[in-house]
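J.: Need a 3D model of the following:
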Amino acid sequence: MPRLIAGRIITKSDLTGLENYCVAVGRVREIETLFKTSGLDKVLFGMQNRAMQTARQLAAEYGLSPVSRTRLGGAGTDDDDSDNPLMVR
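T.: Prediction:
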């Protein structure tokens, strides 16, 4: 994250939201593991669904999906020679 802040890709104020995104994605993965080992499918499904929704909303807010990057104007073009390390080609 320090490199992304130094490169002005994110700001320090973005860190809390990015942390929440990471927690939500981690929670989804933890619940997926529990699906395989417990009989709490109905309870776990609701928990996982809420975590996935939270992660999806945060990803959209921070431009972490192709659609949200397009809406934010950060999709770029094939001839874009930017040094943006988050730009996927």
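
J.: in stretch 16-31, what counts as buried?
T.: By neighbour count on 16 or more other C-beta atoms under 10 Å, the buried set for stretch 16-31 is 18, 21, 24-25, 27-28, 31. In short, each C-beta sits where N, CA and C put it, glycine included.

J.: could you list every residue that touches residue 35?
T.: Residues in contact with residue 35 (C-beta atoms under 8 Å, 6 or more residues apart in numbering) are 41, 44, 48.

J.: go on, residue 60?
T.: 67-68.

J.: And it, which helix or strand is it part of?
T.: Assigned by DSSP states H and E, residue 60 belongs to helix 41-61.

J.: same question, residue 29
T.: Element membership of residue 29 [criterion: DSSP H and E] is helix 15-37.

J.: what is the rounded mean pLDDT of that helix?
T.: For helix 15-37, mean pLDDT rounds to 87.

J.: Would you check how far apart the residue nearest to the spatial centre of the chain and residue 13 are?
T.: Centroid check for the chain by C-alpha atoms, centre = their mean gives residue 59 as the closest residue, at 3.8 Å. Relative to residue 13, residue 59 is positioned 18 Å away (C-beta to C-beta, to the nearest Å).

J.: List the residues that contact the residue lying closest to residue 14 once chain neighbours are set aside.
T.: Spatially, and ignoring its direct neighbours in sequence, residue 14 is nearest to residue 62 (6.8 Å; C-beta to C-beta, 6 or more residues apart in numbering). Applying C-beta under 8 Å, 6+ apart, we find residue 62 in contact with 10, 14, 17-18, 21, 68.

J.: related to what we said a few turns ago, how about the helix holding residue 29 as PDB, C-alpha atoms only?
T.: This file holds the C-alpha atoms of helix 15-37, laid out as PDB (Å, rounded to 0.1, in the frame of the first residue of the first chain):
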ATOM      1  CA  LEU A  15      -7.100   2.400   3.300                       C
ATOM      2  CA  THR A  16     -10.000   1.800   5.600                       C
ATOM      3  CA  GLY A  17     -12.300   0.900   2.700                       C
ATOM      4  CA  LEU A  18      -9.700  -1.300   1.100                       C
ATOM      5  CA  GLU A  19      -9.100  -3.000   4.400                       C
ATOM      6  CA  ASN A  20     -12.900  -3.700   4.700                       C
ATOM      7  CA  TYR A  21     -12.800  -5.100   1.200                       C
ATOM      8  CA  CYS A  22     -10.000  -7.500   2.100                       C
ATOM      9  CA  VAL A  23     -11.900  -8.500   5.300                       C
ATOM     10  CA  ALA A  24     -15.100  -9.200   3.300                       C
ATOM     11  CA  VAL A  25     -13.300 -11.300   0.700                       C
ATOM     12  CA  GLY A  26     -11.500 -13.200   3.400                       C
ATOM     13  CA  ARG A  27     -14.800 -13.900   5.200                       C
ATOM     14  CA  VAL A  28     -16.300 -15.300   2.000                       C
ATOM     15  CA  ARG A  29     -13.300 -17.700   1.700                       C
ATOM     16  CA  GLU A  30     -13.600 -18.700   5.400                       C
ATOM     17  CA  ILE A  31     -17.300 -19.400   5.000                       C
ATOM     18  CA  GLU A  32     -16.700 -21.400   1.900                       C
ATOM     19  CA  THR A  33     -14.300 -23.600   3.800                       C
ATOM     20  CA  LEU A  34     -16.900 -24.100   6.600                       C
ATOM     21  CA  PHE A  35     -19.500 -25.100   4.000                       C
ATOM     22  CA  LYS A  36     -17.300 -28.200   3.300                       C
ATOM     23  CA  THR A  37     -17.000 -29.200   7.000                       C
END
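
J.: Since that was my last question, I'll sign off now.
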